[in-house]
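Undergrad: show me the folded form of this:
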Amino acid sequence: MNPEDTDAGWMRRCEDLARRAALAGNTPVGALVVLDGGVVGEAAEEAPRGARPFGHAELLAIEAAIRAAGSRLLERATLYSTAEPCVLCGFAVRETRIARVVIGRPAGDIGSARSRFPILAADWVDRWGRPPQVVWWYEQGAPGRQTTRRS
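TA: Next up is the predicted model:
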């Protein structure tokens, strides 16, 4: 299977999850974690209306993936998200050693890839090892224009 076709399918699923979040009155973010070709965690944003103060879709998807994988290390996994993970979620990506992150849209000042706090690109924290590959799926809001860069 072509990796781009797989990415497109996973991003469509994230978009479905983001719509579900929006319908619930939350920030429209959907995220999922794929390991060995299958989804091991997925979530719709539960903030700000959910009961969890850190109900970010990425965190919830990573938590589910850890439970499914039986390990807090997800070195072969890809995180897909309709939005750039915030600094908190970027920290979770690095702590779990996720290898690849596919991002829908930038998150501005709170993003973990392009803000003043580029945790996804951090190479100065020895225990995190190599930064994940970052793929910007919808660069500048243009669906289908994919750019890959090492953050």
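Undergrad: quick one: the helices in this protein?
TA: 3-23, 57-69, 87-96 (DSSP state H).
Undergrad: adding distance to Thr78, write these out as a markdown table.
TA: C-beta here means a position set from N, CA and C on the backbone, and glycine is covered the same way. As requested, the helices of the chain are exported to a markdown table (distance: least, CB to CB, whole Å):
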| stretch | distance to Thr78 |
| --- | --- |
| helix 3-23 | 8 |
| helix 57-69 | 10 |
| helix 87-96 | 10 |
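Undergrad: Ser115: which of these is closest?
TA: helix 87-96 (7.3 Å; CB to CB).
Undergrad: now that closest one against helix 57-69, angle please.
TA: Helix 87-96 runs at 20 degrees relative to helix 57-69, counting by axes from the mean of the first three to the mean of the last three CA atoms, to 10 degrees.
Undergrad: strands along this protein, start to end?
TA: 30-35, 38-44, 78-83, 100-105, 133-136, 147-150 (DSSP state E).
Undergrad: with respect to Trp10, which of those strands lies nearest?
TA: Here strand 78-83 is closest among the strands of the chain (CB to CB), at 4.5 Å.
Undergrad: could you give the angle of that closest one to strand 100-105?
TA: Using the same axes, to 10 degrees: strand 78-83 against strand 100-105 is 10 degrees.
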